[in-house]
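# Using only what follows, build the 3D model:
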Amino acid sequence: MFVLKHCVTKNPKSGGTKIKENVINKPKTVSVKYSIHTSRGDIPVCKPTFVSILGVGKNRTERIVKQYHETRILPAERRGGDRVSQKSIHKKLAIRNFIESINCCETHYARSKTVIRRYLPCDLNIVKLWKLYNS
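Numbers count the residues shown, from 1 in each chain. Below you'll find the model as predicted:
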């Protein structure tokens, strides 16, 4: 949002392709004017100055400005997120179903019978549960 606030985009006046030493450059799709806001108003600056003030790469600013110019939609943040838990949902459900299939014991500490808490038999441990699950 900050980058777009300090940039003015428009279609280029001439966007033809240029051929230099057997390399064809893609036509220019957007023309950008950069400015920095100060107490005296907005000061127009060149792209390298704008990029150095922000401390980001030039490709990042180009990508944000070009995408906004083409779609008029702010680019969504795609960093972070959980990518692991979606892959193991079926494993989690299988383990939960296995644990629920084991016959549970009542505790002798509670005076009234509780329906919410269920306890596994005391002869089961993690190794035995793992072997039962794999078998």
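# The top strand by length along the chain: which residues count as buried?
In the chain, with assignment by DSSP state E, the single longest strand is strand 31-38. Of all the residues in strand 31-38, those buried under the rule 16 or more other C-beta atoms under 10 Å are Val32, Tyr34. (Each C-beta comes from the backbone N, C-alpha and C, glycine too.)
# Sheet-wise, list the partners of the next helix-or-strand element following it with their directions.
On the C-terminal side of strand 31-38, the closest following helix or strand by DSSP states H and E is strand 41-45. Sheet pairing for strand 41-45, assigned by DSSP bridges, gives strand 31-38 (antiparallel).
# Could you measure from the spatially closest residue to Val51 that is not a sequence neighbour over to Pro121?
With C-beta to C-beta, 6 or more residues apart in numbering as the measure, Lys58 is the residue that lies nearest to Val51, at 4.9 Å, once sequence neighbours are left out. In this view, Lys58 and Pro121 are 65 Å apart by C-beta to C-beta, to the nearest Å.
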